[in-house]
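Trainee: show me the folded form of this:
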Amino acid sequence: GIIVSPIGPDLTAVLETSRRGTPVVLVEQPRGPLDLCAVSVDDALGGRVAAEHLVTLGHRHIAYLGATVEPGTVPRRRTGVRQALADAGLDPDRALLDLRMPIHPPPLADAAAAAADRILAVRPTPTAVICFNDTAAVGVLQGLTARGLRVPEDMSIVGYDDLRFAARIAPALTTVRQSPYQLGHTAADLLLDESRPGHTHHDVRYRPTLVVRSSTGPPAP
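Mentor: Presented below is the predicted three-dimensional model:
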């Protein structure tokens with residue numbers, strides 16, 4: 001059996017493997033019309049709760065930091081951010097600065113730190129940034145700090161994943177929590193169930209939660 005987390009939209013090889021009789025379970029990829037088991041997190045909801053938090057604090061110009069090569073989870077998070085802005089009566093094309101940074105090379109945190117210059121160069125300058133994962137958020141935090149800005153007084157930062165270091169850095173990182181253990185455990189259960197008679201494919205989707213810490217606050221007056 002195979003547990004696979006696709007990084008692109010072409011699942012031809014995965015489907016062919018399943019048709020040849022090898023059980024396959026998708027992780028971080030909704031099942032959609034595919035005849036496979038899948039377990040994922042509602043990433044659109046994750047992006048939405050992150051943006052809703054910032055809008056509630058008073059932010060009206062927000063940056064979303066993604067990547068030049070993105071797995072399917074990242075665009076879904078961006079979609080949720082845009083939807084939250086629209087629901088708040090804002091024009092997502094005006095309120096959201098959509099940035100993409102290279103993942104390889106340099107190291108991800110270094111690329112995110114360099115992205116701080118691009119965020120600060122825009123007018124009006126965003127007052128908050130949502131990053132596609134916690135590592136990128138730490139890079140932005142380091143980039144802003146190196147340029148003499150304070151977080152969250154000058155700019156708020158939201159990460160995604162709630163990795164172990166998120167609560168230990170200063171300021172502690174506001175982030176969207178998902179459980180990789182839960183995803184992996186469920187995927188393994190589904191894979192084992194594939195061998196049982198009468199198995200039916202399932203599409204399991206978990207809800208992420210926002211963990212509010214010290215890296216977000218109201219925009220500067």
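Trainee: where does this structure have low pLDDT?
Mentor: 104-106 (pLDDT under 70).
Trainee: and the most centrally placed residue in it, what does it touch?
Mentor: Nearest residue to the geometric centre of the chain (C-alpha atoms, centre = their mean): Phe132, 4.0 Å. Contacts of Phe132 were listed using C-beta atoms under 8 Å, 6 or more residues apart in numbering, and they are 64-67, 70, 74, 77, 160. (Glycine included, C-beta is placed from N, CA and C.)
Trainee: redo that, cut-off 7 Å
Mentor: Neighbouring residues of Phe132 by C-beta atoms under 7 Å, 6 or more residues apart in numbering: 65-67, 74, 77, 160.
Trainee: could you find the closest non-adjacent residue to Ala188?
Mentor: Excluding the flanking residues, the one nearest Ala188 by C-beta to C-beta, 6 or more residues apart in numbering is Ile3, at 7.0 Å.
Trainee: my guess is the one you found meets Val25, correct?
Mentor: Yes. Between Ile3 and Val25 there is a contact at 5.1 Å, judged by C-beta atoms under 7 Å.
Trainee: overlap in contacts, the two.
Mentor: In contact with both Ile3 and Val25: 187, 191, using C-beta under 7 Å, 6+ apart.
Trainee: more crowded one of those two?
Mentor: Between Ile3 and Val25, counted using other C-beta atoms under 10 Å, Val25 has the larger neighbour count: 28 against 17.
Trainee: want to throw the contacts of Phe132 into a markdown table with neighbour count?
Mentor: Shown next, in a markdown table, are these (neighbours: other C-beta atoms under 10 Å):
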| residue | neighbour count |
| --- | --- |
| Leu65 | 27 |
| Gly66 | 19 |
| Ala67 | 19 |
| Val74 | 20 |
| Arg77 | 29 |
| Tyr160 | 28 |
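Trainee: mind checking which of those residues land in strands?
Mentor: Among the contacts of Phe132, DSSP state E puts 65-67, 160 in strands.
Trainee: ok, which pair from these is furthest apart?
Mentor: Ala67 and Tyr160 (12.2 Å; C-beta to C-beta).
Trainee: where do the strands sit along this protein?
Mentor: 2-4, 24-27, 37-41, 62-67, 96-101, 128-131, 156-161, 174-177, 203-206, 209-211.
Trainee: list the buried residues for stretch 180-190?
Mentor: Using 16 or more other C-beta atoms under 10 Å as the test for burial, stretch 180-190 gives 183, 186-187, 190.
Trainee: sorry, that was for stretch 83-91
Mentor: 83-85, 90.
Trainee: then stretch 161-170?
Mentor: Along stretch 161-170, these residues count as buried under the neighbour rule (16+ other C-beta under 10 Å): 161-163, 166, 169.
Trainee: do stretch 108-128 as well
Mentor: Of the residues in stretch 108-128, 108-109, 111-113, 115-116, 119-120, 126-128 count as buried by neighbour count, 16+ other C-beta under 10 Å.
Trainee: of all those, which two lie farthest apart?
Mentor: Leu108 and Thr127 (23.6 Å).
Trainee: number of residues surrounding the nearest residue to Ala112 once chain neighbours are set aside?
Mentor: The spatial neighbour of Ala112 that comes closest, neighbours along the chain excluded (C-beta to C-beta, 6+ apart), is Gly139 at 2.6 Å. Gly139 has 24 neighbours, counted by other C-beta under 10 Å.
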